[in-house]
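Visitor: Sequence first, then the predicted structure:
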Amino acid sequence: MVYGAMAGWLGARTMAAWRLVAHSLSGRLLLLTLFYAMLTQVLIFVPSVARYHRTLLDNHIETAEVAILPLTEVEKQKFSPGLRSMLVTRAGALAVMLKRPEKRELFLPDEMPSHIDVSIDLAHDNIFTESSRALDCLFNGGNRILYIASPTRIVGAEEIDVIVNEKQIHRQLLSFARRALWLALGISLATAMLVFASLYMFLVRPMAGITRAMIAFSDNPEDPGRIAAASTRRDEIGVAERELAAMQRDLYGSLQQKGRLAALGVAVAKIQHDLRNILSSAQLASDRLAKLDDPVVQRLVPRLVTSLDHAVALATNTLRYGRADEHPPQRKRVALAPLIDEAGEAALASRPSETLVLNLVDPALQFDADPEQLYRIVLNLLRNAVEALGNTSGEIRVTAAREGRGGVIDVSDNGPGIPEAVRARLFQPFAGSSRGSGLGLAIARDLARAHGGDITLVSSDASGTHFRIAIPDGGE
């Protein structure tokens, strides 16, 4: 029972540790480093084993050469058969054959082996055959008879052939492979740990700090104490830390500004609401004044009415621009020409003058848009043009056409043009007009962009100003 519980606990802890290693950046980095280090050692291990195996074969050839060399000097000294057999046996060979141009000499300690398992020609070896032969010996060898042929350094001979038992070669190669494997494993582990420690110190830990700073800041971005502290590092991590800290400071400042603007907006909305009531009362009073026959009153009332109209428009536009619940466009097919007529009448009614609005739109032309929002877009542009013309006689031309899968509306006037200093901030709220609230163009562009389109200033000079409204069809 105790053993089973202990085994279950160890298994659960092992699985938890494996999940931690496999699913964390540092753990994956450790595994990859270990894998690549082992792969490198394997690439070194196989040639090392192959070279050692070749050395073992060469040693047998050299030992056989030394053993039979005295036997080749038959003219100087003769050896007994027992001594000849002992020399060959001490060389670790079952048989040795020396090939000369005119004859072959065979040196046997006992009897010739009955069979040969593997034939090896050392004269035609390369790294691939050596590696293949070494692995074959390592995994399949041990009890085989080898026939080894090699060039010889014995004078007058061309080749020496040695027949040996593979048992000793296999034992020595296996011992070397074990030592090399353990050494490779130790080097791989040491390399992996050193590389991992270096990467962890210089990469993983700083990245973990950046991640923690991002999470902490996202929990409460309005707390300045959660802004990341940038280090003085000059590498990519240092750049990332400084950029993150700068971005968090900017975001914190933007949130603070938005919070103040939101509070200010609420106050302005309340003021504007009360101001509209006050202006409505003032409009009623101006209407009554307009009925008086006093010449001075008749001269001043139009100016008063115009000023009140501007004040009411400013209050209305400010409240409308500050709304965050502008509904998405409710698209349908809209006949454009009647909409232009209606917007033109409304624009001219707000500012009596000799200005003309020429509706040159084809009566059959239709747009796919929200009728109410498209009306507000056109109305704001026409009012902007009327204000630009002032009390002078002028002309506003409205044309439209289909272009691709959408349409464009061109509104142009023959006014004095827009000053160069104003163009850069033309579509910014409260900044694009020197006469009105500066909200008309901002509202119109927001509504056009909600349709997927835009409003652009095509041209503006002393001969007039030309705006273009682009409204693509829905479902694009």
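Guide: The structure has been received and is ready for your questions.

Visitor: Spell out which helix or strand contains the residue lying closest to residue 450 once chain neighbours are set aside, please.
Guide: Excluding its sequence neighbours, the residue lying closest to residue 450 (Cβ to Cβ, 6 or more residues apart in numbering) is residue 329, at 5.7 Å. Every C-beta, even on glycine, is put in place using the N, C-alpha and C of the backbone. Residue 329 belongs to no helix or strand when assigned by DSSP states H and E.

Visitor: ok, now which ones touch residue 329?
Guide: Contact analysis of residue 329 by Cβ atoms under 8 Å, 6 or more residues apart in numbering lists 369, 370, 373, 447, 450, 451, 474.

Visitor: can you check residue 242 too?
Guide: residue 230.

Visitor: Could you report the distance from it to residue 249?
Guide: When distance is defined by Cβ to Cβ, to the nearest Å, residue 242 is 11 Å away from residue 249.

Visitor: hmm, back to that, how about TSV for the contacts of residue 329, with pLDDT and secondary structure added?
Guide: Below are the contacts of residue 329 laid out as TSV (pLDDT from 0 to 100; DSSP: H, G, I helix; E, B strand; the rest coil):
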residue	pLDDT	secondary structure
369	93	strand
370	92	coil
373	90	helix
447	90	helix
450	89	helix
451	91	coil
474	81	coil
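
Visitor: quick one, phi/psi of residue 396?
Guide: Dihedral pair for residue 396: phi -120, psi 120, per degrees, to the nearest 10.

Visitor: can I assume it is in contact with residue 356?
Guide: Yes. The pair residue 396 / residue 356 is scored as a contact, 6.9 Å apart, by Cβ atoms under 8 Å.

Visitor: Compare the two (neighbour count), which wins?
Guide: residue 396 (26 against 13; other Cβ atoms under 10 Å).

Visitor: show me where the stretch 101-250 of the chain has helices.
Guide: Per DSSP state H, counting those that start in this stretch, the stretch 101-250 of the chain carries helices over the ranges 127-140, 166-199, 205-219, 236-290.

Visitor: relative orientation of the first one and helix 166-199 in degrees?
Guide: In other words, helix 127-140. Interaxial angle, helix 127-140 versus helix 166-199 (axes from the mean of the first three to the mean of the last three Cα atoms, to 10 degrees): 110 degrees.

Visitor: mind listing what's buried in helix 127-140?
Guide: Buried residues in helix 127-140, counted by 16 or more other Cβ atoms under 10 Å: 130, 131, 133, 134, 135, 137, 138.

Visitor: shared neighbours, residue 396 and residue 356?
Guide: Taking Cβ under 8 Å, 6+ apart as the contact rule, residue 396 and residue 356 have no neighbour in common.

Visitor: what residue ranges in the stretch 151-300 of the chain score low on pLDDT?
Guide: The stretch 151-300 of the chain contains residues with pLDDT under 70 at 261, 264-277, 279-281, 283, 286-287, 289-290, 297-300.

Visitor: Repeat the analysis, applying 80 as the threshold.
Guide: For the stretch 151-300 of the chain, the stretches with pLDDT under 80 are 155-156, 188-189, 191-193, 195-197, 199-200, 202-204, 222, 230-231, 257-300.

Visitor: Residue nearest the middle of the chain, spatially speaking?
Guide: residue 240 (14.5 Å; Cα atoms, centre = their mean).

Visitor: I'd assumed residue 211 was in contact with that residue.
Guide: No. Using Cβ under 8 Å, residue 240 is not in contact with residue 211; the gap is 11.0 Å.

Visitor: which residues are in contact with both of the two?
Guide: Applying Cβ under 8 Å, 6+ apart, one finds that no residue jointly contacts residue 240 and residue 211.

Visitor: Other residues contacting stretch 134-153?
Guide: Applying Cβ under 8 Å, 6+ apart, the contact partners of stretch 134-153 are 46, 49-50, 52-54, 57-58, 60-61, 65, 94, 98, 113, 115-123, 158-167, 169-171, 173-174, 177.

Visitor: chain center to stretch 165-183: distance?
Guide: The chain centre lies 50 Å from the centre of stretch 165-183; the measure is Cα atoms, centre = their mean, to the nearest Å.

Visitor: For that stretch, could you pull out the residues that count as buried?
Guide: In stretch 165-183, counting by 16+ other Cβ under 10 Å, buried: 165, 166, 169, 170, 173, 174, 176, 177, 180.

Visitor: Dump those residues to a markdown table, plus distance to residue 347.
Guide: A markdown table is the format used below for those (distance: Cβ to Cβ, whole Å):
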| residue | distance to residue 347 |
| --- | --- |
| 165 | 111 |
| 166 | 106 |
| 169 | 105 |
| 170 | 103 |
| 173 | 99 |
| 174 | 99 |
| 176 | 98 |
| 177 | 94 |
| 180 | 92 |
